[in-house]
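1. Could you look at this predicted model? Sequence included:
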Amino acid sequence: MIYIIISIIGLLVIVALFTYSSKSKTKTEEPPVVVPPADCCGTHAICEKGLKKIDEKIEYFDDEELDQYRGIPSDSFNDQQIDQFREILYSIRPEELSDWFISLEKRGIELPDVLKQELN
């Protein structure tokens, strides 16, 4: 009887050691926590957009023809010009819209009022 109890205890010890060693082998290191800079607001998408505004490099979205409208007020566009903006606006992927607006702002181009209303 004592041999059975000792055998069971020995078997439990072996299983426990095997389980412990396999857990330590498969344990992955957690990636280090990246602390945002003190001047970052914590919402990285917004911080990155702000950085894009600071960057002087202008990103074009196959819309170089809009440069001719630099300095024109947003309420002064005719229907043909608005259609030109509209064609480009609806060809841009939704996730690129904010970048396109930043590009227009850097180039001094105002979006026509009619299109601003369509977007809202």
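-> Happy to help now that I have it. Numbers count the residues shown, from 1 in each chain.
2. Look up the closest residue to residue 110, ignoring the ones flanking it.
-> Beyond its immediate neighbours in the sequence, the residue positioned closest to residue 110 (C-beta to C-beta, 6 or more residues apart in numbering) is residue 74, lying 4.0 Å away. Quick note: C-beta positions are derived from backbone N, CA and C, even for glycine.
3. where along this structure do the helices fall?
-> Using DSSP state H, the helices of the chain run over residues 2-26, 44-54, 79-89, 97-107, 113-119.
4. can you list the residues that contact the last one?
-> For helix 113-119, the external contacting residues (C-beta atoms under 8 Å, 6 or more residues apart in numbering) are 74, 75, 77, 82, 85, 86, 89.
5. Who are the contact partners of the third one?
-> By that I understand residue 77. 69, 85, 112, 114.
6. the bottom helix or strand of the protein by mean pLDDT?
-> helix 44-54 (a mean of 54; mean pLDDT, DSSP states H and E).
7. before we move on, back to that, could you identify the buried members of the contacts of helix 113-119?
-> Buried by 16 or more other C-beta atoms under 10 Å: 77, 82, 85, 89, out of the contacts of helix 113-119.
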